[in-house]
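J.: fold the following and give me the result.
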Amino acid sequence: MSSRTSALRVYITSRLLLAPLMIWLATTVVFLLIHAAPGDVVDVKLGPKAPEALKAAMRAEMGLDQPLYVQYFRYLNQLLHFDLGSSTFTQGQSIAQVIGDYFPATAELTICGMIVAAIVGLTIGSIAASRPNSAIDAGGRLFGIVTYALPMYWFGMILQLIFAVQLGWFPIGSRFPLSEIAYSGPTGLYLLDSLIHADLGQFFTALHYLTLPSLTLGILISGVFERIVRVNLRRTLKSDYVEAARARGISEFRIITAHALKNAMIPVITILGLTFAAMLGGAVLTEVTFDWPGLGNRLYQAISQRDADMVQGLMVFFSAIVVVISIAIDVLNAYVDPRIRY
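T.: Numbers count the residues shown, from 1 in each chain. Here you go, the predicted model:
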């Protein structure tokens, strides 16, 4: 076994061993934050005028009268058995079922938003970096600052007012026409399931409903990619091998696409992965703004209802996704950049 293969194996193993620890830390933080909030689900469910005896009886039934450490270890035991619990307000609906019902919508929105962000950010960043200290470069910097600073809910409402209300180009408030039934499919992703069933009509209908929220999410995130690509590509274009390529008469377009951009993409891969994980867990504002039937919107409803078990279960699920994607990005970076694993 070569030293490179051995080093890579050790690096991957160390990251995999850290995964349970990171998930446990995230779970503990979520548990403590939920229980540190004032009030509890009993106060919300019974109301402020309910008799204290009735509240005490319900807390005892739900185990909320036990010491915090007892509740904590009971919850850890549930997680070890892959039991995220159940909702308090939806007749005992399991959180795993809620994730299965709502997560595909969030995943589809996030994937499409990430595609928009990558295309827009990489394109603008590359063009701005190839023309340093020009009006185009200044425009690229301004684009990155503005898109990073714009509030998600404000930008989403402005796009809805223009393109949905005034122009009537896009629908809002759902994922698919209420008068039609979409394929439930094997994945729950309407675009992919429609392609699996070879139904282009459903594909374009689902894409029509998905366009406006994914554009909102993607454009605002694209500023992050634009800034990272512009900075790293400008640094790479000053490298010796780039100057040597110019001296050989290679065109600037080929230098950027075939040489400089590939090396500049190494730190971008990390940002792409972490941003995708953050978008999966943080698309709450976009989903609420567009009333998108995803897991972020469901999390917002659970917070509004003080459904502590639902909030806790969904946050643990999102935390696990972030940890898994972070490890995947670390492993991918180790393959792309040998310096990381040494």
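J.: and the closest residue to Leu159 other than its chain neighbours, how far is that from Leu21?
T.: In space, and not counting its chain neighbours, Leu159 is closest to Thr216: 5.6 Å by CB to CB, 6 or more residues apart in numbering. Placement of C-beta: from N, CA and C, glycine included. Thr216 sits 36 Å away from Leu21, going by CB to CB, to the nearest Å.
J.: what residues sit buried inside the host helix or strand of Ala334?
T.: Assigned by DSSP states H and E, Ala334 belongs to helix 308-336. By neighbour count with 16 or more other CB atoms under 10 Å, helix 308-336 contains the buried residues 308-323, 325-327, 329-331, 333-334.
J.: which other helices and strands contact it?
T.: Using 3 or more CB pairs under 8 Å, 6 or more residues apart in numbering; DSSP states H and E as the contact test, the elements touching helix 308-336 are helix 3-36, helix 95-130, helix 261-282, helix 295-304.
J.: ok, of these, where does mean pLDDT dip lowest?
T.: Note on the helices and strands packed on helix 308-336: helix 261-282 shows the lowest mean pLDDT, a mean of 70.
J.: and the next helix or strand past it?
T.: The first helix or strand that comes after helix 261-282 along the chain, using DSSP H and E, is helix 284-290.
J.: could I have that following helix exported to CSV, CA atoms only?
T.: Extracted as CSV, the C-alpha positions of helix 284-290 are listed here (Å, rounded to 0.1, in the frame of the first residue of the first chain):
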residue,chain,number,x,y,z
VAL,A,284,-37.0,28.2,6.3
LEU,A,285,-37.4,31.9,5.2
THR,A,286,-37.7,30.9,1.5
GLU,A,287,-40.3,28.3,2.2
VAL,A,288,-42.3,30.5,4.5
THR,A,289,-42.1,33.4,2.1
PHE,A,290,-43.4,31.3,-0.8
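J.: and the contacts of stretch 320-331?
T.: For stretch 320-331, the external contacting residues (CB atoms under 8 Å, 6 or more residues apart in numbering) are 11-12, 15-16, 18-19, 22-23, 26, 269-270, 272-274, 276-278, 280-281, 340.
J.: buried subset of these as a PyMOL selection?
T.: Here is the PyMOL command that picks out the buried ones among the contacts of stretch 320-331, judged by 16+ other CB under 10 Å:
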select buried, resi 11+12+15+22+23+26+270+272+273+276+277+278+280+281+340
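J.: got a list of what the closest residue to Leu299 other than its chain neighbours touches?
T.: Once flanking residues are discounted, Leu299 sits nearest to Leu314: 4.9 Å by CB to CB, 6+ apart. By CB under 8 Å, 6+ apart, the residues touching Leu314 are 95, 98-99, 295, 298-299, 302.
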